[in-house]
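Q: have a look at this fold, sequence not included:
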Ligand SMILES: Nc1ncnc2c1ncn2[C@@H]1O[C@H](COP(=O)(O)OP(=O)(O)OP(=O)(O)O)[C@@H](O)[C@H]1O
Ligand SMILES: NC(=O)c1ccc[n+]([C@@H]2O[C@H](COP(=O)(O)O)[C@@H](O)[C@H]2O)c1
């Protein structure tokens, strides 16, 4: 018994993020709000960097929680949200090829949200891009190329604040020696800032202990409804041939099944590919 057909995966639009390469890349801005609605707020774009192998409902929920948090507790107005899947060069265990991860993020964003976008820039690079460089890319595209957004009264253009959106486990790695360059930390947390969603298994106080110099730029978001889903657990369920329905968006489930991702054969073939390429 299955509640998902493997044949109803919609084809990607020719201009979709998942069809972009280094040769035809264009910064996606179709859902970026180009004019503010509220005059006294600072326009904000949220960028979540990660593996997204595969994307889960929690990855999507992070944006909703951050949007609520920004509206209720800060003077920011969220004008856009981007998922930035990491390049294959990251070589983390369980990382499906980037073309699939970008398409899964795109399906999730297009089918479940009216404001989230996927930027394939990082994913299509042959080299790994540190997160500081990814945020610089957003700064360049949104404030440099697009010139920020129009103010609510339409009389002036305003620069957009770019911020990293991440889970507490990611921020806790910032205190682990050797994982982040000191100058990158200062750039990310000093110049940009971060919204951090608490995650079970990570003590927020410990995670932030070494990040005191930047605490004014770090916004901590509590999950009112704890959701402990992770991509690792999804991959595990798939390997055991167990259902993942209601854990990740159904078009993503259809896509995984149609492309036979995260099966034992899939991991075997990627290991074979790795050893063949050595
Ligand atoms: N359940 C969760 N609660 C809070 N943050 C989360 C949760 N799942 C993912 N995140 C955050 O989403 C971002 C992208 O994470 P990533 O793609 O590495 O997901 P993951 O589920 O942690 O993956 P994996 O299980 O493969 O390590 C990270 O900042 C991570 O902290
Ligand atoms: N030095 C860095 O810029 C740095 C270090 C660790 C993780 N990251 C980023 O964090 C994200 C999540 O990484 P993990 O899936 O390993 O938790 C990825 O996008 C990765 O690029 C960046």
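A: Sure, I can see it. Not measured: the values here are computed from a predicted model. Numbering: from 1, shown residues only. Ligands and ions are numbered 1, 2, ... in the order given.
Q: who in the stretch 151-278 of the chain is up against ligand 1?
A: Of all the residues in the stretch 151-278 of the chain, those in contact range of ligand 1 (C-beta under 6 Å from any ligand atom) are 166-167, 169-170, 197, 199, 227-232. (C-beta placed from N, C-alpha, C; glycine too.)
Q: among these, the buried ones, what's the PyMOL command?
A: A single PyMOL command selects the buried members of these (16 or more other C-beta atoms under 10 Å):
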select buried, resi 166+167+169+170+197+199+227+229+230+231
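Q: which pLDDT value goes with the nearest residue to residue 147 once chain neighbours are set aside?
A: The shortest distance from residue 147 to any non-neighbouring residue, by C-beta to C-beta, 6 or more residues apart in numbering, is to residue 157 (5.3 Å). The model reports residue 157 with a pLDDT of 97.
Q: surely residue 157 touches residue 143?
A: No. With contact defined as C-beta atoms under 8 Å, residue 157 and residue 143 do not form a contacting pair (9.4 Å).
Q: neighbour-wise, which of those two wins?
A: residue 143 (18 against 15; other C-beta atoms under 10 Å).
Q: and for stretch 21-33, what's in contact with it?
A: Stretch 21-33 is contacted from outside by 15, 17, 20, 45, 79-80, 82, 114-121, 124-125, 141-142, 145-146, 149, using C-beta atoms under 8 Å, 6 or more residues apart in numbering.
Q: repeat for stretch 60-67
A: Here stretch 60-67 has contacts from 46, 48, 78, 81, 108-109, 112-113, 115-116, 165, 167, 195, 197, 221, 223, 227, 249, using C-beta under 8 Å, 6+ apart.
Q: which phi and psi values does residue 76 adopt?
A: With angles defined as degrees, to the nearest 10, residue 76 shows backbone torsions of phi -90, psi 150.
Q: correct me, but it touches residue 44?
A: Yes. Here residue 76 reaches residue 44: they are 3.9 Å apart, a contact under C-beta under 8 Å.
Q: what touches both of these two?
A: 70, 161.
Q: may I see the buried residues of stretch 36-49?
A: Neighbour-count burial for stretch 36-49 flags 36, 41-49 (criterion: 16+ other C-beta under 10 Å).
Q: oh, that last question was meant for stretch 231-240, not what I typed.
A: 231, 234-235, 238.
Q: could you export those to TSV, including columns for secondary structure?
A: Listed next are the buried residues of stretch 231-240 as TSV, based on DSSP: H, G, I helix; E, B strand; the rest coil:
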residue	secondary structure
231	helix
234	helix
235	helix
238	helix
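Q: closest one to ligand 1 out of these, please.
A: Set against ligand 1, the nearest of these by C-beta to the nearest ligand atom is residue 231 (3.6 Å).
Q: okay, that closest one: pLDDT?
A: Confidence score, pLDDT, at residue 231: 98.
Q: ok, now which ones touch it?
A: 51-56, 94.
Q: okay, the residues you listed in JSON lines with neighbour count, secondary structure and distance to ligand 2 next?
A: What follows is those, written out as JSON lines (neighbours: other C-beta atoms under 10 Å; DSSP: H, G, I helix; E, B strand; the rest coil; distance: C-beta to the nearest ligand atom, whole Å):
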{"residue": "51", "neighbour count": "19", "secondary structure": "coil", "distance to ligand 2": "4"}
{"residue": "52", "neighbour count": "26", "secondary structure": "coil", "distance to ligand 2": "9"}
{"residue": "53", "neighbour count": "25", "secondary structure": "coil", "distance to ligand 2": "8"}
{"residue": "54", "neighbour count": "28", "secondary structure": "coil", "distance to ligand 2": "13"}
{"residue": "55", "neighbour count": "28", "secondary structure": "coil", "distance to ligand 2": "12"}
{"residue": "56", "neighbour count": "22", "secondary structure": "coil", "distance to ligand 2": "13"}
{"residue": "94", "neighbour count": "16", "secondary structure": "coil", "distance to ligand 2": "9"}
